[in-house]
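> Dropping a prediction and its sequence here:
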Amino acid sequence: MTPAARVQAAIEVLDQWLGGQPVEKALINWGRSNRYAGSGDRAAVRDLVFDAVRCKLSFASQGGALSGRGLMLGRARALGVDPLFTGGPHAPAPLGDEGGSPPQGLAALDCPEDLAPALQAALGPDFAPVMTALQSRAPVFLRVNLLKSTRDAAQASLAADGVLTEPHILADTALIVTQNPRKVSASKAYAEGLVELQDAASQAVVQALPPLKGLNVLDYCAGGGGKTLAMAALRPARLVAHDANAARLSDLPERAKRAGAKVQLTETAKLPTVAPFDLILTDVPCSGSGAWRRQPEAKWALTLEKLASLVALQAEILDKVATMVAPGGALAYATCSLLNAENQDQATAFVQRHPQFALERQLRLTPLDGGDGFFLALFRHKT
Ligand SMILES: C[S@@+](CC[C@H](N)C(=O)[O-])C[C@H]1O[C@@H](n2cnc3c(N)ncnc32)[C@H](O)[C@@H]1O
């Protein structure tokens, strides 16, 4: 595909998205009807589309329309690059008298209007810098699996396959990929379980837990198992993974095998038979606002009503797991949210409802720290 044809493809995908189709579905639809497109073309179209989703308001303003064409024109104007509206075969039609103006206020930051007060309250002076950071692509981070490698050995193995990395300050296990991120999944280090793809802040959250060695641990919202595997590398005596949606755990046994990690999967009904636990991690469903660089669609889909129902679900999950913590044990509550309602306010409300727990520590990270935005509250059960 020519660069102009890729832009036209992105326009078509974005039009589907703006018409109500989930962005991943729109990309799949486009891929199915353009089977000639190679992996490089697909990746390039995906990048163009996600750039535009991240910057929907500012690009639409600069491109003069909230349409696929407007967003791609706005992107070109924002970056000062040729829009490639050449009118050639498979390319967008030539430019007409399309207007456009520099975005102002919240649109310049691509911040949804309804959520702005909550984000401003949570981020204070960091509001504009954080929203600006969320307009760009996220770096690719790897976690070195200490069950199988050291950071130096993993870096050397990756470099032999052309993937260059540097240690990242957020966690001892974190590497930031500086060259050839797309080669990671084909690298020997990845195939042999020396590294996993995992955001650096997500690694920092696991690193901030109390020492896990010898403990009986539950990952209550394990999902795909990113944090489960990071915890497994800290050698707990037993690590149990649970998720309300059991299908989300389906890849975990294979991933654990590759990582040389021991993880026991447990259904909800069987949890009482394996409780209590010395430490429970609840990486709860949340707005994902700290990860809007990676999942920009979520930024435009979140409403205050959805936020309120997430906050209620988080409290419900906390109340449930509180009963499964052993006396003197720890309960870790994590979100990838930037919002106080899901973070500090939730932590404060929990200790008010459960005075048998004390809030031992909190960790708050934003994209200004390099990784995604994350929050961790660590509660200790009073004996
Ligand atoms: C933020 S994701 C977890 C990500 C995962 N910990 C990781 O690091 O890859 C939240 C998970 O909570 C699960 N979940 C939603 N409601 C739940 C509930 N009531 N109890 C337990 N898990 C729930 C979801 O299915 C989802 O997999």
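Perfect, I can see it now.
> Now residue 158: closest residue in space that isn't a chain neighbour?
In this structure, residue 158 finds its nearest non-sequential neighbour in residue 189, 4.8 Å apart by Cβ to Cβ, 6 or more residues apart in numbering. Placement of C-beta: from N, CA and C, glycine included.
> Next: residue 354.
Of all residues beyond its chain neighbours, the one nearest residue 354 is residue 322 (5.3 Å), with distances taken as Cβ to Cβ, 6+ apart.
> Show the contacting residues for the one you found.
The contact partners of residue 322, taken as Cβ atoms under 8 Å, 6 or more residues apart in numbering, are 331, 350, 354, 357.
> Tell me the confidence at it?
Confidence at residue 322, expressed as pLDDT, is 98.
> and if you look at the one 10 residues further on?
Note for residue 332: predicted pLDDT of 98.
> What count of nearby residues applies to it?
By the criterion of other Cβ atoms under 10 Å, residue 332 has 27 neighbours.
> Which elements pack onto the helix or strand hosting the residue nearest to residue 158?
Using DSSP states H and E, residue 189 falls within helix 188-191. For helix 188-191, the packing partners by 3 or more Cβ pairs under 8 Å, 6 or more residues apart in numbering; DSSP states H and E come out as helix 151-160.
> Counting by contacts, list what the helix it packs on packs against.
Using 3+ Cβ pairs under 8 Å, 6+ apart, helix 151-160 sits against strand 141-144, strand 164-167, strand 174-179, helix 188-191.
> Against residue 374, how distant is residue 338?
Residue 338 sits 9 Å away from residue 374, going by Cβ to Cβ, to the nearest Å.
> who's more crowded, these two?
Counted by other Cβ under 10 Å, residue 338 and residue 374 do not tie: residue 338 has more neighbours, with 32 against 29.
> For the residue nearest to residue 354, give me the backbone phi and psi.
With angles defined as degrees, to the nearest 10, residue 322 sits at phi -60, psi -30.
> Show me the domain layout of the protein.
What automatic domain parsing lists as the domains of the chain is 3-108, 141-198, 208-381.
> How far does the first one sit from its chain's centre?
The reference is to domain 3-108. Relative to the chain's own centre, domain 3-108 is displaced by 23 Å; criterion: Cα atoms, centre = their mean, to the nearest Å.
> end to end, how far does it reach?
Counting by Cα to Cα, to the nearest Å, you get 27 Å between the two ends of domain 3-108.
> Next: the shortest one.
Chord length of domain 141-198, first to last residue, is 6 Å (Cα to Cα).
> For it, the averaged confidence score.
Mean per-residue pLDDT for domain 141-198: 98.
> Do that domain and the ligand come into contact?
No - applying Cβ under 6 Å from any ligand atom, one finds domain 141-198 separated from the ligand by no less than 7.8 Å.
> Check the offset of that domain from the chain's centre.
Domain 141-198 has its C-alpha centroid displaced from the chain centroid by 18 Å (Cα atoms, centre = their mean).
> where along the stretch 101-250 of the chain do the strands fall?
141-144, 164-167, 174-179, 195-197, 216-219, 238-241 (DSSP state E, counting those that start in this stretch).
> and the second one, what other elements does it pack with?
The elements that strand 164-167 packs onto, with contact taken as 3+ Cβ pairs under 8 Å, 6+ apart, are helix 151-160, strand 174-179.
> Which residues outside that strand are in contact with it?
142, 151, 155, 158-159, 174-180.
> want to throw these into CSV with neighbour count?
Shown next, in CSV, are the contacts of strand 164-167 (neighbours: other Cβ atoms under 10 Å):
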residue, neighbour count
142, 30
151, 19
155, 22
158, 26
159, 15
174, 26
175, 25
176, 19
177, 21
178, 12
179, 11
180, 17
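> What is the nearest of those residues to residue 306?
Proximity of these to residue 306 (Cβ to Cβ) peaks at residue 174, which lies at 30.9 Å.
> which of the contacts of residue 322 come close to the ligand?
Okay, of the contacts of residue 322, nothing touches the ligand (Cβ under 6 Å from any ligand atom).
> Among the residues you listed, name the buried ones.
Listed as buried from those are 331, 350, 354, 357; burial here means 16 or more other Cβ atoms under 10 Å.
> ok, which residues in the protein are in contact with the ligand?
Counting by Cβ under 6 Å from any ligand atom, the chain sits next to the ligand at 220-227, 243-245, 248, 283, 285, 317.
> cutoff 8 Å now
Near the ligand, the residues belonging to the chain are 198, 202, 219-228, 230, 242-245, 248, 268, 281-286, 288, 313, 316-317, 320, 334-336 when assessed by Cβ under 8 Å from any ligand atom.
> Just the buried subset of the residues you listed, written out for ChimeraX, thanks.
The ChimeraX selection below is limited to those of these classed as buried (16+ other Cβ under 10 Å):
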select :198,202,219,220,221,222,223,225,226,227,228,230,242,243,281,282,283,284,285,286,288,317,334,335,336
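> model confidence over stretch 95-111, on average?
Averaging pLDDT along stretch 95-111 gives 95.
> How far does it stretch from one end to the other?
28 Å.
> Residues touching that stretch, excluding its own?
54-58, 61-65, 69-70, 73-74, 77, 83, 85, 112-113, 116, 119, 128, 131-132, 134-135, 299.
> So which of these sit within helices?
54, 56-58, 61-63, 69-70, 73-74, 77, 116, 119, 128, 131-132, 299 (DSSP state H).
> what comes into contact with the helix holding residue 189?
149, 154, 157-158, 160-161, 163, 184, 195-196, 258.
> Quickly name whichever of these is closest to residue 365.
Checking the contacts of helix 188-191 one by one against residue 365 (Cβ to Cβ), the nearest turns out to be residue 196, at 19.1 Å.
> so what's the closest residue to that closest one other than its chain neighbours up against?
Leaving aside its chain neighbours, residue 196 sits nearest to residue 143 (4.8 Å; criterion: Cβ to Cβ, 6+ apart). Residues near residue 143 by Cβ under 8 Å, 6+ apart: 171, 173-175, 195-198, 203, 230.
> From residue 245, how far off is residue 143?
With Cβ to Cβ as the criterion, residue 143 and residue 245 are 23 Å apart.
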